[in-house]
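Undergrad: Got a predicted model here, sequence first, then my questions.
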Amino acid sequence: MMLLMLPPAYNAYKRGCKSTMANTAIRDGIIYYIYLFVVCLVNVVGLSKLSPDYFSMLAILGRVIHSTLTCRVVLNIREQGWETHRLHGTTITGI
């Protein structure tokens, strides 16, 4: 997924994308996938080097970080939508 996000993000950056909503989604999405990659890497290394007793601890940590980061991305995009609505007076439904 990270590899699929990078080319559009680079193109938007190169073109000087003015959409703050797109910038927020791209920025948070890239940060999200980098953190998830690190967590998965720690899980893999931890499972190969540590005792099997730590498996559930690492799995729970991965799930917590995944859900927290997902919530953060959604909340940041929602906040940006409300800010756009407040500044431009556009109609937002379903937020």
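TA: Yep, that arrived.

Undergrad: and the nearest residue to L50 once chain neighbours are set aside, what does it touch?
TA: Nearest non-adjacent residue to L50, counting by CB to CB, 6 or more residues apart in numbering: L58, 8.0 Å away. C-betas here are computed from N, CA, C, even on glycine. For L58, the contact set (CB atoms under 8 Å, 6 or more residues apart in numbering) comprises V42, N43, G46, L47, L50.

Undergrad: mind running it again at 10 Å?
TA: V39, V42, N43, V44, V45, G46, L47, L50 (CB atoms under 10 Å, 6 or more residues apart in numbering).

Undergrad: Just to check, the first one is in contact with V45?
TA: No - with contacts counted by CB atoms under 10 Å, V39 stays clear of V45, the gap being 11.0 Å.

Undergrad: Count the residues that sit near K49.
TA: 8 (other CB atoms under 10 Å).

Undergrad: hang on, the earlier thing: any idea which helix or strand carries the residue nearest to L50?
TA: Here L58 sits within helix 55-88, counting by DSSP states H and E.

Undergrad: gap between that helix and the chain center?
TA: Put simply, helix 55-88 sits 7 Å off its chain's centre (CA atoms, centre = their mean, to the nearest Å).

Undergrad: Make residue 1 into 42 and carry on from there
TA: In the new count, where the first residue is 42, that last one comes out as helix 96-129.

Undergrad: What mean pLDDT does the helix or strand L44 falls within get?
TA: L44 belongs to helix 43-56 when assigned by DSSP H and E. Computed over helix 43-56, the mean pLDDT rounds to 73.
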